[in-house]
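Undergrad: how would this look folded up:
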Amino acid sequence: MSKKALLALLIAVLLPVVSYLFVKGYSDGAVKMPPRFYPDAINEEVKDGKKISDTIWHQVGNINLTNQLGAKVSLDSIKDKVIVMDFFFTHCPSICPYMTKNMRRLQDMMHSTDPRKIVDSSIVQLISISIDPKRDTVAALKAYADKHGVDHERWWMLTGNIDSIYDFGVHEMRLGAIDGNGVDTLFEHSPKFVLLDKDHVIRGYYNGMDTAQILKLSQDIVFLSLEKDKKKPSAIFQQLKQLWPIFVIVLVLVGALLFFSSRSKNIIK
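TA: Now for the predicted structure:
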């Protein structure tokens with residue numbers, strides 16, 4: 001076997017590894033991911049003489065509520081999905097109709113028949129929680145949902161215990177709300193849509209009345225759906241890692257062939 005053939009074999013063996021490392025190095029910072037909000041703690045350790053810091057981000061706690069179909073649901077029941085959440089009430093005379101309209105825009109982006117589809121429906125759950133659960137019964141939410149063309153599977157409208165809802169909104173979602181005690185104009189709540197990643201970490205707040213912000217939100221949903229856990233090695237790396245003994249054997253054989261090929265030519269001379 002000639003040196004050129006051996007060199008070609010060596011390149012063929014090393015090319016997948018080199019290509020993977022090259023692409024990984026340049027792609028890690030290619031997309032600006034939505035930031036994380038509210039660090040709970042920072043763990044520090046010294047490894048191989050280097051100080052390593054690991055931020056523990058706030059994960060939104062669980063809440064158990066009932067959707068517009070009367071089904072008991074919880075935040076913990078949503079697995080491997082990005083979540084978009086807002087707060088509203090069906091008697092709202094001001095911002096809620098606009099927020100519902102824009103949440104409907106997000107829902108429409110998931111339909112395969114819609115030419116604007118940019119969001120895969122399997123990766124996101126839309127949630128609207130009523131801050132007026134006394135009047136927003138299951139029947140009231142169902143009527144409101146049907147009126148606004150809500151897809152009951154993709155978009156939950158939720159009601160439940162009033163104390164739990166307000167505590168969840170303030171302490172977990174970090175959004176303020178005021179109970180109007182049945183007087184529509186006295187209710188107050190944020191117009192923000194909140195984006196949660198698959199670990200239920202808050203990754204963004206968006207003005208639910210701004211269509212440009214809704215477009216940005218739809219893009220961030222896609223980014224988060226593709227986000228990989230940095231603590232878990234990629235599948236490609238795992239496969240390459242399993243093949244490393246073969247790479248070593250091939251490299252040794254190529255080196256040996258080059259050595260003996262060179263030695264035999266010297267003897268002939």
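Undergrad: show me where the chain dips below the pLDDT cut-off.
TA: Applying pLDDT under 70 to the chain flags the ranges 1-31, 111-121, 180, 183-187, 229-269.
Undergrad: all strands for it, in order.
TA: For the chain, the strands defined by DSSP state E cover 39-47, 50-57, 64-66, 72-74, 82-88, 124-130, 155-158, 177-178, 188-189, 192-196, 202-207.
Undergrad: then the fifth one to PDB, C-alphas only?
TA: So the one you mean is strand 82-88. Provided in PDB are the C-alpha atoms of strand 82-88 (Å, rounded to 0.1, in the frame of the first residue of the first chain):
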ATOM      1  CA  VAL A  82     -42.100  24.400  26.200                       C
ATOM      2  CA  ILE A  83     -44.900  26.300  28.000                       C
ATOM      3  CA  VAL A  84     -46.400  29.700  27.200                       C
ATOM      4  CA  MET A  85     -48.600  31.100  30.000                       C
ATOM      5  CA  ASP A  86     -50.600  34.200  30.800                       C
ATOM      6  CA  PHE A  87     -53.300  35.300  33.300                       C
ATOM      7  CA  PHE A  88     -56.700  36.600  32.300                       C
END
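Undergrad: paired strands for that strand, with orientation please.
TA: Under the criterion DSSP bridges, strand 82-88 sits next to strand 124-130 (parallel), strand 192-196 (antiparallel) in its sheet.
Undergrad: tell me where this protein has helices.
TA: Secondary structure of the chain, counting by DSSP state H: helices at 3-27, 96-108, 138-147, 162-167, 211-226, 235-242, 244-268.
Undergrad: may I have the phi/psi pair for residue 148?
TA: Per-residue torsions, residue 148: phi -100, psi 10 (degrees, to the nearest 10).
Undergrad: what about it, neighbour count?
TA: Look at residue 148: counted by other Cβ atoms under 10 Å, it has 17 neighbours. Glycine gets a C-beta too; all of them are placed from N, C-alpha and C.
Undergrad: next: residue 38.
TA: 12.
Undergrad: show me the contacts for it.
TA: By Cβ atoms under 8 Å, 6 or more residues apart in numbering, residue 38 lies in contact with 57, 58, 174, 202.
Undergrad: how many residues are close by the last one?
TA: Okay, so that is residue 202. The number of residues packed near residue 202 is 23, by other Cβ under 10 Å.
Undergrad: show me the contacts for it.
TA: Counting by Cβ under 8 Å, 6+ apart, residue 202 touches 36, 37, 38, 58, 60, 173, 174, 194, 195, 196.
Undergrad: and if you look at the third one?
TA: Taking Cβ under 8 Å, 6+ apart as the criterion, residue 174 is in contact with 37, 38, 202.
Undergrad: looking at those residues, spot the one nearest residue 69.
TA: Closest approach to residue 69 among these (Cβ to Cβ): residue 202, at 27.0 Å.
Undergrad: I figured residue 34 hits residue 201, correct?
TA: No. Assessed by Cβ atoms under 8 Å, residue 34 is found out of contact with residue 201, at 10.0 Å.
Undergrad: can you lay out the contacts of residue 202 as TSV showing distance to residue 164?
TA: Formatted as TSV, the contacts of residue 202 follow (distance: Cβ to Cβ, whole Å):
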residue	distance to residue 164
36	25
37	22
38	20
58	18
60	13
173	13
174	16
194	17
195	22
196	18
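Undergrad: tell me the one among the residues you listed nearest to residue 51.
TA: residue 36 (20.9 Å).
Undergrad: phi and psi next, for that closest one.
TA: Torsion angles at residue 36 (phi, psi; degrees, to the nearest 10) stand at phi -90, psi 150.
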